[in-house]
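*Asks:* Got a predicted structure plus its sequence, pasted below:
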Amino acid sequence: MDMSMNVGVKFLIVGTGRCGTGYISRVLTRVGVKCGHENVFSIHGIKPNKDYIGDASWLAVPFLPNFDPESVFVVHQIRHPFKTIGSLVSIPGLLQKPFTPYGEYIAHMVPLIWDKDYNLSLFERGA
């Protein structure tokens with residue numbers, strides 16, 4: 001993909017998984033700013049969408065270099081790290097095997113956290 005990647009949205013809200021992208025998409029939609037949650041960027045791939053003007057998805061992060069910064073506004077959402085990590089490690093299959101589809105996505109995009117030479121704890125993988 002090149003810098004002209006166009007998925008039909010004017011803004012993206014990104015962060016880590018469990019940082020609150022689902023919440024912010026509901027808040028924005030309620031106040032009249034149609035924002036999907038993982039509607040464009042999902043574990044099933046990239047699906048251009050004309051129904052929303054924005055998408056909130058941590059799954060968009062690997063694709064950010066493919067966007068023209070003049071055409072898509074990117075917001076980096078953060079949540080307190082301990083709350084985010086606590087949420088990540090509490091979901092079976094996300095950071096430990098057998099993986100859920102989201103866990104498979106993480107394992108594919110960040111293979112380093114599974115490297116046996118690093119021997120990371122579950123908490124460290126969440127970080």
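*Replies:* Perfect, I can see it now.

*Asks:* could you dump the host helix or strand of residue 28 to CSV, C-alpha only?
*Replies:* Per DSSP states H and E, residue 28 falls inside helix 21-30. C-alpha atoms of helix 21-30 as CSV (Å, rounded to 0.1, in the frame of the first residue of the first chain):
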residue,chain,number,x,y,z
THR,A,21,-11.7,2.8,21.5
GLY,A,22,-15.1,1.1,21.8
TYR,A,23,-16.2,3.6,24.4
ILE,A,24,-15.1,6.7,22.5
SER,A,25,-16.8,5.5,19.3
ARG,A,26,-20.1,5.1,21.2
VAL,A,27,-19.7,8.6,22.8
LEU,A,28,-18.9,10.3,19.5
THR,A,29,-21.8,8.5,17.7
ARG,A,30,-24.2,9.6,20.4
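
*Asks:* Now do the very next helix or strand once past that helix: distance to the chain's middle.
*Replies:* For helix 21-30, the succeeding helix or strand toward the C-terminus, using DSSP H and E, is strand 35-37. Relative to its chain's centre, strand 35-37 lies at 12 Å (C-alpha atoms, centre = their mean, to the nearest Å).
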